[in-house]
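> What follows is a protein structure lacking sequence information:
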């Protein structure tokens, strides 16, 4: 998928400008569970790469931390203001090119995750994955379910004066 930086940020629900060397961070810490979830969108120093990461950090009683990268999405600049999505990793597995509509699904996953983090809620990443990235694949593979355009006379005739619209 080819997008401008502004289009991409819009897909994520971000309405601020992102410049080279900048990062837009989101963070939520749940001390009761010892979990820290972080999401960030960053633009490389030369402005040629956009990187989105979502990480979960588990803190144990000994003070040790276990880092788990939930999702990483990368886009590379192709020309002027156009970026191409090149990589999507979920739980360490590369999904780019292996799932239909992976970019759109990833954008929905990121947007929903960031919205929950902003609210101070720990996202259910497995559930979000199923309803965004996996669902994007099934929606792309299925045919249309709506009415066809070939049915031009599918509406009942208008009621005559003094009649109800029923037959």
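Yep, that arrived. Model, not experiment: these values are computed from the prediction. Numbering: from 1, shown residues only.

> CA only for contacts and neighbour counts going forward, please
OK.

> For the residue most central in space within the chain, what are phi and psi?
Taking Cα atoms, centre = their mean as the criterion, residue 107 is the residue nearest the geometric centre of the chain, at 2.0 Å. Backbone torsions of residue 107, given as degrees, to the nearest 10, read phi -60, psi -40.

> Who are the contact partners of it?
11, 12 (Cα atoms under 8 Å, 6 or more residues apart in numbering).

> next one: residue 22
So residue 22 contacts 42, 43, 44 (Cα under 8 Å, 6+ apart).

> Now list the buried members of those.
With neighbours counted using 16 or more other Cα atoms under 10 Å, those contain these buried positions: 42, 43.

> Turn the contacts of residue 22 into a markdown table, including distance to residue 131, pLDDT and secondary structure.
Below are the contacts of residue 22 laid out as a markdown table (distance: Cα to Cα, whole Å; pLDDT from 0 to 100; DSSP: H, G, I helix; E, B strand; the rest coil):
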| residue | distance to residue 131 | pLDDT | secondary structure |
| --- | --- | --- | --- |
| 42 | 25 | 97 | strand |
| 43 | 28 | 97 | strand |
| 44 | 30 | 97 | coil |
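
> quick one: which of the contacts of residue 22 is nearest residue 66?
The shortest approach to residue 66 among the contacts of residue 22 belongs to residue 42, at 22.8 Å (Cα to Cα).

> ok, now how distant is that closest one from residue 99?
Taking Cα to Cα, to the nearest Å as the measure, residue 42 falls 24 Å from residue 99.
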